[in-house]
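J.: okay, structure incoming, though there's no sequence with it:
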């Protein structure tokens, strides 16, 4: 039993990371209806930016803040320059643009920092908290704390600030938002900046666990897609719950189902995506779109 | 509070011209009704006035040119448009919808919320409810309340009676009249229900296929039996 709970804790730890990237996906989807396939690569690039700051001697937490600022500006810039021209274009066009962005960012990171793996400093101490036969790594606790803070800040922003209210207005009725005087274009850019920042957090959390290299987010992106699909693609709460569920499911399947084992566990998110789309396409927390015939 | 002067306004969607040279003026603090059959261009006229469609010609509010500015800039100049379909932010609460109406303003928002509740007491117990859960009549009141939160110089109303029971529509027009009298807001109202609109307006224009075919005081137009039959679809 203790062994089982231990696995659950490990799963929740990785799940929290998936949750943060899924949150970034959901933010953009809610605002613009765009599924941003480049979200993982942007997070990877942000992790490199943080690494670059630490490499020139900036203390870790300051480097993190600087990387988040750079990510926010970068996200806004991408919306203005790359996404804006295809606003309102058919979905396939937009998907191709984000896939192109994926390839571009990946190649750019390789060009700037090479494809050799880099050691990313772990901001959390190595030990673990021992509790009734269970041990929770400080790293896992740190991940929880960071993701919790991000969620709390997003909640405050959306529910308790005027700009957050404007953002929610744009996501529900852009035309009417424009009529009350909201600059919709800038609000969409703000949404991209915010998503890039949240994604950057996931990149910085993943980097010490894996190694920093341009392809490190590929797997994480698939888990994040599973998390967002499970939670319902337009629900931030769903993204977080979905992330945790996917993390636990992946860990348990890897540990207890011998046929899956550690090698095949990447199949778990795909099974989750398929299962959700077949059984409950709107996900756990998503809104089902119902229209009268 | 403001005078609206439209001169030779042409507007449409892509290649399709809908308005062919519309000219009209609305004096400060007046209510102007735009009447006419379906497809005459009434909604397009309002959309051109609020910047939702591009137009050629001239639209001046107190002498300042409105054409060529985007809707959010016009909102900051004091143009409030209650669009077709009411433009409600369905998943947001009633209070959030009202606050969004005052998005471009900084001070006096709390006082204005109270002012809206005196016009529409029915909204007050529903402040924390999702706007989408309101009835059609309540949603129209909310839309009007949202527009008033801007403290508009020019209020544009598109078919406020659409889909509402006659009793509720009458109440709504009564409130429009009260607001116009108390705040001297200039109002342009597009309406299929000519009888109701003429009841509150000082002057009216009849639009047909993108041109104004008849203008006059509301009383004159109401009295003109010929007009009533051919354009307004009812007998006096």
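T.: Structure's in. What do you need? Every value quoted in this text rests on a predicted model; they were computed, and no experiment measured them.
J.: residues contacting the spatially closest residue to residue A:236 that is not a sequence neighbour?
T.: Leaving aside its chain neighbours, residue A:236 sits nearest to residue A:26 (5.5 Å; criterion: Cβ to Cβ, 6 or more residues apart in numbering or on different chains). Just so you know, the C-beta spots here come from the backbone N, C-alpha and C atoms, and that holds for glycine as well. Neighbour list for residue A:26: A:228, A:231, A:233, A:234, A:235, A:236, A:238, A:239 [criterion: Cβ atoms under 8 Å, 6 or more residues apart in numbering or on different chains].
J.: doesn't residue A:26 belong to a helix?
T.: Yes: counting by DSSP: H, G, I helix; E, B strand; the rest coil, residue A:26 is part of a helix.
J.: SS state for residue 116?
T.: Defaulting to chain A. coil.
J.: neighbours around it, how many?
T.: 10 (other Cβ atoms under 10 Å in any protein chain shown).
J.: return the distance of it relative to residue A:98.
T.: When distance is defined by Cβ to Cβ, to the nearest Å, residue A:116 is 27 Å away from residue A:98.
J.: show me the shaky parts of chain B.
T.: The model of chain B has pLDDT under 70 over residues B:1, B:225-236.
J.: get me the contact residues on it for chain A.
T.: B:50, B:52, B:70-72, B:75-76, B:80-81, B:83, B:87-92, B:96, B:99-101, B:103-104, B:146, B:150 (Cβ under 8 Å from any Cβ of the partner chain).
J.: out of the residues you listed, which are buried?
T.: By neighbour count, with 16 or more other Cβ atoms under 10 Å in any protein chain shown, those hold B:50, B:52, B:71-72, B:75, B:80-81, B:83, B:87-89, B:92, B:96, B:99-101, B:103-104, B:146, B:150 as buried.
J.: so where does residue B:171 fall, helix or strand?
T.: Using DSSP states H and E, residue B:171 sits in helix B:166-183.
J.: mind listing what the helix or strand following that helix pairs with, with the direction of each?
T.: Per DSSP H and E, the first helix or strand lying C-terminal to helix B:166-183 is strand B:186-190. Using DSSP bridges, strand B:186-190 pairs in its sheet with strand B:31-35 (parallel), strand B:154-158 (parallel).
J.: what's strand B:186-190 in contact with?
T.: Applying Cβ under 8 Å, 6+ apart, the set of residues contacting strand B:186-190 is B:1-4, B:26-34, B:42-43, B:45-46, B:49, B:153-160, B:176, B:180, B:197, B:200-201.
J.: quick one, helices of chain B?
T.: B:42-49, B:71-76, B:94-101, B:109-119, B:136-148, B:166-183, B:194-200, B:218-223, B:225-227 (DSSP state H).
J.: wait, residue A:162 touches residue B:105, no?
T.: No: assessed by Cβ atoms under 8 Å, residue A:162 is found out of contact with residue B:105, at 10.7 Å.
J.: taking the centroid of chain B, which residue is nearest it?
T.: Nearest to the mean C-alpha position of chain B, by Cα atoms, centre = their mean, lies residue B:157 at 1.6 Å.
J.: from residue B:42, how far off is that residue?
T.: The gap separating residue B:157 from residue B:42 is 11 Å, by Cβ to Cβ.
J.: ok, now how distant is residue A:139 from residue A:217?
T.: For residue A:139, the distance to residue A:217 - Cβ to Cβ - is 18 Å.
J.: of these two, who's got more company?
T.: Higher neighbour count among residue A:139 and residue A:217: residue A:217, with 30 against 19, using other Cβ under 10 Å.
J.: over to the more buried one: give its phi and psi.
T.: Taking degrees, to the nearest 10, you get phi -90, psi 0 for the backbone angles of residue A:217.
J.: check the burial of residue B:166 by counting its neighbours.
T.: Using other Cβ under 10 Å, residue B:166 has 10 other residues around it.
J.: ok, which stretches of chain A are strands?
T.: A:128-131, A:134-137 (DSSP state E).
J.: partners of the last one, with directions?
T.: Read it as strand A:134-137. Partners of strand A:134-137, by DSSP bridges, with direction: strand A:128-131 (antiparallel).
J.: and the partner strand, what's its mean pLDDT?
T.: Mean pLDDT, strand A:128-131: 83.
J.: what does that strand contact?
T.: For strand A:128-131, the surrounding residues in contact (Cβ under 8 Å, 6+ apart) are A:135, A:136, A:137, A:138, A:141.
J.: out of the residues you listed, which is nearest to chain B?
T.: Looking at these and their distance to chain B, the nearest is residue A:141, at 35.0 Å (Cβ to the nearest Cβ).
J.: name the nearest residue to the closest one, sequence neighbours excluded.
T.: Excluding the flanking residues, the one nearest residue A:141 by Cβ to Cβ, 6+ apart is residue A:129, at 6.6 Å.
J.: I figured residue A:192 hits residue A:28, correct?
T.: Yes: if you go by Cβ under 8 Å, residue A:192 and residue A:28 touch, sitting 6.3 Å apart.
J.: got the residues of chain A near chain B?
T.: Counting by Cβ under 8 Å from any Cβ, chain A sits next to chain B at A:162, A:165-166, A:168-169, A:172-173, A:175-184.
J.: tell me the buried residues within those residues.
T.: By neighbour count, with 16+ other Cβ under 10 Å, the residues of chain A next to chain B hold A:165-166, A:168-169, A:172-173, A:176-184 as buried.
J.: what is the burial count for residue 55?
T.: All of this is about chain A. Residue A:55, neighbours per other Cβ under 10 Å, totals 13.
J.: right idea, wrong chain: chain B
T.: By the measure other Cβ under 10 Å, the count of residues near residue B:55 is 24.
J.: tell me how far it lies from chain A.
T.: From residue B:55 across to chain A, the span is 16 Å (Cβ to the nearest Cβ, to the nearest Å).
J.: who touches residue B:84 in this structure?
T.: Under the criterion of Cβ under 8 Å, 6+ apart, the neighbours of residue B:84 are B:43, B:158, B:159, B:162.
J.: residue B:212: what's its closest spatial neighbour, skipping adjacent residues?
T.: Going by Cβ to Cβ, 6+ apart, residue B:212 has residue B:205 as its nearest residue, at 5.0 Å.
J.: pLDDT weak spots in chain A?
T.: With pLDDT under 70 as the threshold, chain A has low-confidence stretches at A:288-293.
J.: and if we set it to 80?
T.: Scanning chain A for pLDDT under 80 picks out A:1-2, A:88, A:132-133, A:258-266, A:286-293.
J.: ok, which stretches of it are helices?
T.: Here chain A has its helices, by DSSP H, at A:2-32, A:39-55, A:60-78, A:91-113, A:138-160, A:162-172, A:174-179, A:184-206, A:217-231, A:236-256, A:261-264, A:267-279.
J.: what's the angle from the first one to helix A:162-172?
T.: With axes from the mean of the first three to the mean of the last three Cα atoms, to 10 degrees as the basis, helix A:2-32 and helix A:162-172 are set at 80 degrees to each other.
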